[in-house]
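K.L.:
can't give you the sequence, but here's the structure:
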């Protein structure tokens with residue numbers, strides 16, 4: 001049975017596989033915010049009184065920055081797509097196991113444990129409740145008085 005939509009309301013269906021990608025902000029959820037932000041100053045530092053030549057410091061900075069930039073680009077060009085394929089496969093397997101194995105096992109366990117829960121509750125009510133109720137009546141007549149003697 002199809003649903004009727006008024007002419008001013010349109011049913012919007014988006015495919016998650018063809019959504020647009022933000023090429024500017026590539027970490028919108030900041031999952032790598034505290035991990036990979038490594039700059040020259042975070043790795044190499046010269047304390048006061050121990051400085052190299054200014055030219056060496058400038059060239060070291062440029063070398064570090066450029067080599068880090070291009071090494072990352074080359075590695076991501078070579079291994080980015082294969083790693084994306086591997087991670088996609090892994091998360092697909094995890095999702096598959098979760099949907100088809102984990103949740104059904106948990107639901108099955110919850111259904112089966114209800115029977116055990118009822119039996120356990122019945123045993124507690126039958127055996128333990130009267131015992132502790134009797135103990136309560138026995139000890140209910142005991143009165144404790146505390147006095148401070150000087």
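P.N.:
That came through fine. These figures come from a predicted structure and were not determined experimentally. Residues are numbered from 1 along each chain as shown.

K.L.:
burial measure for residue 45, as a count.
P.N.:
Look at residue 45: counted by other C-beta atoms under 10 Å, it has 8 neighbours. To be clear about C-beta, it is placed using only N, CA and C from the backbone, and glycine gets the same treatment.

K.L.:
swap that for residue 80, sorry
P.N.:
Neighbour count of residue 80, defined by other C-beta under 10 Å: 11.

K.L.:
residue 49 too?
P.N.:
Residue 49 has 5 nearby residues by other C-beta under 10 Å.

K.L.:
what pLDDT does it get?
P.N.:
For residue 49, the model assigns a pLDDT of 87.

K.L.:
quickly note the distance from it to residue 35.
P.N.:
Separation of residue 49 from residue 35 (C-beta to C-beta, to the nearest Å) stands at 33 Å.

K.L.:
tell me which residue is most central in this structure.
P.N.:
Nearest to the geometric centre of the chain sits residue 31, at 10.7 Å (C-alpha atoms, centre = their mean).

K.L.:
mind checking the SS state of that one?
P.N.:
Under DSSP: H, G, I helix; E, B strand; the rest coil, the three-state class of residue 31 is coil.

K.L.:
where does it fall, phi/psi-wise?
P.N.:
phi -80, psi -20 (degrees, to the nearest 10).

K.L.:
chain center to the biggest helix by length in the chain, what's the gap?
P.N.:
Determined from DSSP state H, the single longest helix within the chain is helix 54-97. Put simply, helix 54-97 sits 23 Å off its chain's centre (C-alpha atoms, centre = their mean, to the nearest Å).
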